[in-house]
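> Only the shape, not the letters, is given here:
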C-alpha cells in the first residue's frame, strides 16, 4: 500500500472578478512508505493547496486522495499524519511542555507516553532549557522547532511538512535534515513542499515539480544528479611535482585523457564529476513552462 495517493485531484477557487482560478489541475501521485518525496515549485504553484486537500482542510473540486488507503474526507485518515504548516501558530500563552501535552491528548496518547516522548523531543530539538517559558517568548526558529516536535510526538506513519526549514539557522536546518533521514530509515513516509532545491537534493528520494497547478514531472533525485554530469575535473601530477594540477575535461573525452596521463607516467589523484544541480533541473522546467505559455 502506498502512503499517499491522489487521483485526478483538482481544486478550483472562485475568481476575484467572476470565473474561477485553477489552483490544482488533475494531480496524480503515488508516494511510498519509507520514501522522502520533495514537492518542488515556485510560490503559488499549488503546493500548499495540495497539502490542504490531503489534510481535509479544503475539499477537492474533483478527484480523490488517500492516506494509507483511507480517503482523506474521513477524519480517521489524519490520525496517521504528523503535519507541520508553513507558518505554525500555537496557543502562545502555553509553554512547550503544556502544548505538547495538549497535542498528545488530541491523539489519545497515554500521559506517560506524552511525558517521555516530549522530554526526548525537547532535548533533541534544543528546547529543553526553554520548556517552561511561554511560547510567545520564543524566536521564530524556536517556534519552528516546536512545530517539528509536535509533528513527531505521536510517531505517525506519514509526515506532511510545508516548508519545514523555514526560519531555521544552519544548525537547525542540518538537524531537520538528519531527522528526515532517520524517519526514512524507520520506514516512514515524508512528503514536504519547498521552493529551495538544496533541501530536496540533500534528503529526497524523488522529487515532483509542480507549476501553475500542474505536475510537470516526477523523477528520482539520483537519476537527475547522474544525468546532469557535464564533465570532470582531474587532479594529476608528474613525478617530482609537489602540487597536483587540475584539468577540466569534457565527459566524452575522459577515457582518452586518462589514457594519455597514464602513458605519460602521471599519477591521477582524483577524478571529480562536474554536474548540474537540482536547481538547474528545476529552472529548466520552469523556463519550459514559460516558453509553452508564450
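Done, it's in. Quantities reported herein were computed from a predicted structural model and do not represent experimental measurements. Residues are numbered from 1 along each chain as shown.

> So which residues make contact with the host helix or strand of residue 226?
For residue 226, the host element (DSSP states H and E) is helix 221-227. Taking contacts as Cβ atoms under 8 Å, 6 or more residues apart in numbering, the residues outside helix 221-227 that touch it are 38, 200-201, 204-207, 275, 277-278, 281. Backbone N, C-alpha and C define where each C-beta goes, glycine included.

> which of those residues count as buried?
Among the contacts of helix 221-227, the ones that count as buried by 16 or more other Cβ atoms under 10 Å are 38, 200-201, 204-207, 275, 278, 281.

> Would you reformat the contacts of helix 221-227 as JSON lines and include pLDDT, distance to residue 2 and secondary structure?
Converted to JSON lines, the contacts of helix 221-227 look like this (pLDDT from 0 to 100; distance: Cβ to Cβ, whole Å; DSSP: H, G, I helix; E, B strand; the rest coil):
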{"residue": "38", "pLDDT": "94", "distance to residue 2": "17", "secondary structure": "strand"}
{"residue": "200", "pLDDT": "82", "distance to residue 2": "20", "secondary structure": "helix"}
{"residue": "201", "pLDDT": "81", "distance to residue 2": "24", "secondary structure": "helix"}
{"residue": "204", "pLDDT": "92", "distance to residue 2": "16", "secondary structure": "coil"}
{"residue": "205", "pLDDT": "94", "distance to residue 2": "13", "secondary structure": "coil"}
{"residue": "206", "pLDDT": "95", "distance to residue 2": "12", "secondary structure": "strand"}
{"residue": "207", "pLDDT": "92", "distance to residue 2": "17", "secondary structure": "strand"}
{"residue": "275", "pLDDT": "69", "distance to residue 2": "30", "secondary structure": "strand"}
{"residue": "277", "pLDDT": "67", "distance to residue 2": "29", "secondary structure": "coil"}
{"residue": "278", "pLDDT": "71", "distance to residue 2": "24", "secondary structure": "helix"}
{"residue": "281", "pLDDT": "73", "distance to residue 2": "24", "secondary structure": "helix"}
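
> Identify, from those, the entry nearest to residue 103.
Of all the contacts of helix 221-227, residue 103 sits closest to residue 38, with 25.7 Å by Cβ to Cβ.

> does that closest one really touch residue 204, like I thought?
Yes. If you go by Cβ atoms under 8 Å, residue 38 and residue 204 touch, sitting 3.9 Å apart.

> Switch the contacts of helix 221-227 over to CSV; also include distance to residue 174.
Below are those laid out as CSV (distance: Cβ to Cβ, whole Å):
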residue, distance to residue 174
38, 17
200, 15
201, 14
204, 16
205, 19
206, 22
207, 20
275, 23
277, 19
278, 18
281, 23
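
> Tell me the buried residues in the helix holding residue 226?
For helix 221-227, by 16+ other Cβ under 10 Å, it's 221, 224-225.

> show me what contacts residue 195?
Residue 195 neighbours (Cβ under 8 Å, 6+ apart): 40-43, 163.

> Residue 92 now?
Residue 92 is in contact with 134-136, counting by Cβ under 8 Å, 6+ apart.

> so where is the stretch 151-294 of the chain shaky, pLDDT-wise?
Low-confidence segments of the stretch 151-294 of the chain (pLDDT under 70): 228, 275-277, 288-294.

> Could I get the full set of helices for it?
Ranges of helices within the stretch 151-294 of the chain are 170-185, 197-203, 221-227, 254-263, 278-293, based on DSSP state H, counting those that start in this stretch.

> which of the ones you listed sits most buried?
helix 197-203 (a mean of 19; mean count of other Cβ atoms under 10 Å).

> ok so, going back, can you list the buried residues of helix 221-227 in CSV and add distance to residue 247?
Below are these laid out as CSV (distance: Cβ to Cβ, whole Å):
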residue, distance to residue 247
221, 29
224, 26
225, 23
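
> of all the residues you listed, which comes closest to residue 267?
Closest approach to residue 267 among the buried residues of helix 221-227 (Cβ to Cβ): residue 225, at 28.2 Å.

> and residue 255, how far is that from residue 232?
Noted for residue 255: a distance of 11 Å to residue 232, by Cβ to Cβ, to the nearest Å.

> ditto for residue 4
Using Cβ to Cβ, we find residue 4 at a distance of 38 Å from residue 232.

> avg pLDDT for stretch 54-73?
Averaged over stretch 54-73, pLDDT sits at 96.
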